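Novice: Sequence isn't available, so here's the structure alone:
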């Protein structure tokens, strides 16, 4: 109904432009209407869509334990629990997930396919120069994953001559690209993290690289895999927003801060990782300002969270 009302309003506006009912004018009027209506639908900018229906978010399904695809096609996981609670507190009727391979997830955000990216996005300086982010909600490190019968990786020099599978476009892909020549390994890129793990199981690659939480979960579910060398980064997972949508970033960040303060994120963390988060971790710590300190999009202002 809202869509029809918006289109009807647009029709009335265009009718006001019509002066003569000649065939030529009718053709142009029809062209303008078609362009306007389809443009509104394609851009996701129909008035009211962003605030009245379900929270529309982009996610990379299959990045366990953050976004798990169940046998029946439903989704569960740490990030699903997190964004579902955010939607509830924002007064939105549920969450609509757009499953997007990570290599195209930022383009989907700019194309307004979703309101923000609720996938576990590693926050980097380069990304913070192009998008807005909330402060981190989970610490993350870089983890290598190998087969149980594979040679353990004691140092980065042990990667020489190996093929490493990775999710295309991820922060791990960036690290591998920057260090391939230095350490002498080859890279195989896949559309999903799970596909990178399958490459190791199928012996198309000796090593896979992802975040430590994902790798530990994969190893716990499949005894043919085991975590190996860990790169401690001090990085955090965050959610990404368009540069022109600071209002949504602020609402979501305020909500996440309240969820840290009342222990909700810590409870979700324990559900999926089997232990309490470190008291100094991003899952518990509330920082002043908007965004992550030290990043390009950080706003050094303080507004006390308005928590119920």
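Specialist: Received the coordinates, thanks. No experiment lies behind these values; they were computed from the predicted model shown.
Novice: can you tell me the helix or strand for the residue positioned nearest the centre of the chain?
Specialist: The centre of the chain sits closest to residue 119, judged by C-alpha atoms, centre = their mean, with a distance of 2.4 Å. Assigned by DSSP states H and E, residue 119 falls within strand 116-122.
Novice: what do you get for residue 135?
Specialist: For residue 135, there is no host helix or strand (DSSP H and E).
Novice: need the contact list for it.
Specialist: Listed by C-beta atoms under 8 Å, 6 or more residues apart in numbering, the contact set of residue 135 reads 236, 238, 253, 256-257, 282, 286-287, 289-292. All C-beta atoms are positioned from the backbone trio N, CA, C, and that covers glycine.
Novice: Read off the pLDDT value for it.
Specialist: pLDDT for residue 135: 97.
Novice: how close does it get to residue 89?
Specialist: To residue 89, residue 135 is 17 Å away according to C-beta to C-beta, to the nearest Å.
Novice: okay, now the nearest residue to residue 276 once chain neighbours are set aside: neighbour count?
Specialist: For residue 276, ignoring the flanking residues on the chain, the nearest one in space by C-beta to C-beta, 6 or more residues apart in numbering is residue 270 at 5.7 Å. Counted with other C-beta atoms under 10 Å, the neighbours of residue 270 add up to 14.
Novice: Please apply the same query to residue 150.
Specialist: 17.
Novice: does it sit in a helix or strand, and which one?
Specialist: Using DSSP H and E, residue 150 sits in no helix or strand.
Novice: Looks like it contacts residue 206 (just checking).
Specialist: Yes - counting by C-beta atoms under 8 Å, residue 150 does reach residue 206; the two are 6.2 Å apart.
Novice: host element of residue 196?
Specialist: Applying DSSP H and E as the criterion places residue 196 in helix 193-201.
Novice: Which strands and helices lie in contact with that helix?
Specialist: Packing contacts for helix 193-201, counted by 3 or more C-beta pairs under 8 Å, 6 or more residues apart in numbering; DSSP states H and E, involve strand 138-147, strand 163-167, strand 186-190, strand 207-211, strand 225-241.
Novice: Single out the most deeply packed of these.
Specialist: strand 207-211 (a mean of 28; mean count of other C-beta atoms under 10 Å).
Novice: Which strands or helices does that one pack on?
Specialist: Using 3+ C-beta pairs under 8 Å, 6+ apart, the elements in contact with strand 207-211 are strand 138-147, strand 163-167, helix 171-183, helix 193-201.
Novice: Can you give me every residue that contacts the residue nearest to the centre of the chain?
Specialist: 58-60, 63, 66-67, 79, 102, 105.
Novice: Please name whichever of the residues you listed scores lowest on pLDDT.
Specialist: Of all the contacts of residue 119, residue 63 carries the smallest pLDDT score, 88.
Novice: Grab the nearest non-local neighbour of it.
Specialist: Nearest non-adjacent residue to residue 63 (C-beta to C-beta, 6+ apart): residue 193, at 5.1 Å.
Novice: What degree of burial does that neighbour show, as a neighbour count?
Specialist: Neighbour count for residue 193, taken as other C-beta under 10 Å: 29.
Novice: domain parsing for the protein?
Specialist: Domains of the chain are assigned by automatic domain parsing as 2-43, 55-139+235-273, 142-233.
Novice: And the second one, end to end?
Specialist: Terminal residues of domain 55-139+235-273 lie 26 Å apart, using C-alpha to C-alpha, to the nearest Å.
Novice: Figure out how far it is from the centre of its chain.
Specialist: Distance of domain 55-139+235-273 from its chain centroid, counting by C-alpha atoms, centre = their mean, to the nearest Å, is 5 Å.
Novice: and what of stretch 134-141?
Specialist: A distance of 12 Å separates the centroid of the chain from that of stretch 134-141, by C-alpha atoms, centre = their mean.
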